[in-house]
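In: here's my sequence, what's the structure:
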Amino acid sequence: MSDTIETFRADARRWLEANVPSEPAPFDGPDGRAFALAWQKRQFDGGWAGLAWPKEMGGRGLSVLEQIVWYEEYARAGAPSTLNSLFVALNHAGPTLMACGTEAQKAFHLPRILGGESVWCQGFSEPGSGSDLASIKTRGRVEGDHLVIDGQKIWTSYADTADWQELLIRTDPEAKTSGALTWIICPMDAEGITVRPIKTMAGPYKYCEVFYDSVRVPLSNVVGGLNNGWATAMSTLAFERGTASLGLIIALTLQIAEMLKDCPASRQAMRQRLAVLSAEGAAIQASAYRVALSDANVPDASASLVRLAFAELGKKVQAAAIDLYGVASARVLGVHGLGHDYLDAFSETIAGGTAEIQRNIIGERVLGLPKGPR
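Out: Below you'll find the model as predicted:
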């Protein structure tokens with residue numbers, strides 16, 4: 001590794017040692033929002049936000065390799081989980097706007113995302129239309145220079161505290177998938193929006209139902225073009241399945257290493273189990289690095305390999321952690337314990353497309369197998 005990268009790593013490590021919050025992050029509600037925004041602003045003010053974002057987009061314009069080094073040091077420092085109320089803004093909305101947004105959209109939203117000023121949520125899934133985005137029913141009709149939106153979304157993370165939503169709606173009821181949908185920036189304070197938080201089995205109120213009753217959104221908020229939302233949404237999901245989880249993958253492999261250190265030599269079966277998980281984690285991390293370091297502006301279908309493997313590994317690691325430390329141990333109990341992490345890990349095999357959807361994508365688009373029945 002070059003001296004430049006080593007210097008960058010040392011600088012990142014020093015800054016994190018001096019700035020990582022000592023208190024645990026709240027999981028939900030206004031307190032969770034305030035914590036996430038304050039931490040993001042601290043990173044931005046310190047020059048550690050948007051490392052690989054282009055300079056013209058408000059970032060530092062550094063290499064993806066330096067971004068990876070930051071993720072490694074971030075995880076080693078025990079910094080707050082990136083799976084918080086800013087995850088959508090930083091990993092979905094921001095990259096999608098950079099790839100598909102207008103200059104006005106990028107100029108307004110990107111600085112606010114990086115600077116810790118706005119929270120985004122994702123309005124894709126609906127009752128009866130989870131991973132099958134082609135079947136969504138939330139509709140928008142053009143009235144003058146606005147879209148008027150009616151319908152319902154569900155499993156919308158942090159919608160109760162979000163400022164903006166990346167919203168996918170049906171704008172042409174007659175068209176097929178590729179021409180039926182539109183991706184639009186929806187202000188969450190618009191008249192006609194009702195949000196109902198949902199308590200997860202892990203405890204926090206992380207997800208929400210969102211209802212739209214004649215919600216008016218300017219056509220200037222459309223991203224990627226009217227009735228071209230399928231292509232825009234595929235860009236969003238490509239980022240979610242590819243590079244968005246990179247920091248989480250690194251943190252997971254470090255957790256496995258810590259568990260191996262804690263496991264006594266007398267528990268040979270457990271040590272063997274952890275060794276297998278360590279090997280799986282190393283392979284997934286290497287695959288994630290390959291996707292991140294590729295020349296593509298938007299990750300290709302192979303990102304689903306990373307997404308599927310990471311989600312499945314997360315469940316196995318958290319289950320092993322409970323078996324290692326004991327279900328009644330202090331490390332497992334409580335809202336910040338490993339018991340919460342175990343229950344929350346199940347959502348990862350649903351978010352961004354279920355495990356079954358990921359397998360279909362891998363089979364059809366990566367391996368070239370025949371398409372399954374539709």
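In: for Ala321, grab the count of nearby residues.
Out: Residue crowding around Ala321 was assessed by other C-beta atoms under 10 Å; the count is 23. For glycine as for every other residue, the C-beta is placed from the backbone atoms N, C-alpha and C.
In: list the contacts for it?
Out: Residues in contact with Ala321, defined by C-beta atoms under 8 Å, 6 or more residues apart in numbering, are 255, 259, 331-332, 338, 341-342.
In: looking at those, state which has the most neighbours.
Out: Neighbour max across these (other C-beta under 10 Å) = Leu338, 24 neighbours.
In: give me the distance between that one and Gly281.
Out: Here Leu338 is placed at a distance of 16 Å from Gly281 (C-beta to C-beta, to the nearest Å).
In: equivalent analysis for Ala288, please.
Out: For Ala288, the distance to Gly281 under the criterion C-beta to C-beta works out to 10 Å.
In: next: Ala12.
Out: Using C-beta to C-beta, one obtains 22 Å as the distance from Ala12 to Gly281.
In: tell me which of those two has more neighbours.
Out: Comparing Ala12 with Gly281 by other C-beta under 10 Å, the one with more neighbours is Gly281, at 25 against 21.
In: which residues of the protein score low on pLDDT?
Out: Using pLDDT under 70 as the threshold, the predicted model of the chain has low-confidence ranges 1-3, 131, 178, 236-244, 295-300, 352, 374.
In: tell me which residues of the top strand by length along it are tucked away?
Out: Secondary structure of the chain per DSSP state E: the longest strand is strand 207-218. Neighbour counts over strand 207-218 (16 or more other C-beta atoms under 10 Å) mark 207-212, 215, 217 as buried.
In: check stretch 325-345 too.
Out: Residues of stretch 325-345 classed as buried by neighbour count (16+ other C-beta under 10 Å): 325, 332, 337-342, 344-345.
In: with distance to Ile185 added, can I get the buried residues of strand 207-218 in TSV?
Out: Conversion of the buried residues of strand 207-218 to TSV gives the following (distance: C-beta to C-beta, whole Å):
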residue	distance to Ile185
Tyr207	21
Cys208	18
Glu209	20
Val210	14
Phe211	18
Tyr212	14
Val215	12
Val217	8
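In: wait, which of the residues you listed is closest to Leu293?
Out: Distance ranking of the buried residues of strand 207-218 against Leu293, using C-beta to C-beta, places Tyr207 first at 32.7 Å.
In: hmm, Trp155 and the closest one touching each other?
Out: Yes: counting by C-beta atoms under 8 Å, a contact exists between Tyr207 and Trp155, whose distance comes to 4.9 Å.
In: top helix in this protein by residue count?
Out: In the chain, taking DSSP state H as the definition, the longest helix is helix 268-292.
In: helices or strands up against that helix?
Out: Judged by 3 or more C-beta pairs under 8 Å, 6 or more residues apart in numbering; DSSP states H and E, helix 268-292 is in contact with helix 64-76, helix 246-262, helix 303-325.
In: tell me what angle the shortest one forms with helix 268-292.
Out: Between the axis of helix 64-76 and that of helix 268-292 there is an angle of 150 degrees, by axes from the mean of the first three to the mean of the last three C-alpha atoms, to 10 degrees.
In: after helix 64-76 comes which helix or strand?
Out: helix 87-88 (DSSP states H and E).
In: ok, now which ones touch the closest residue in space to Gly281 that isn't next to it in sequence?
Out: Nearest-residue entry for Gly281: Thr253, 4.0 Å, with adjacent residues in sequence omitted and distances by C-beta to C-beta, 6 or more residues apart in numbering. Remark: with contacts taken as C-beta under 8 Å, 6+ apart, Thr253 is in contact with 278, 281-282, 284-285.
In: export these to a markdown table and tack on distance to Asp145?
Out: Compiled in a markdown table, the contacts of Thr253 are given as follows (distance: C-beta to C-beta, whole Å):
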| residue | distance to Asp145 |
| --- | --- |
| Ser278 | 56 |
| Gly281 | 50 |
| Ala282 | 53 |
| Ile284 | 46 |
| Gln285 | 47 |
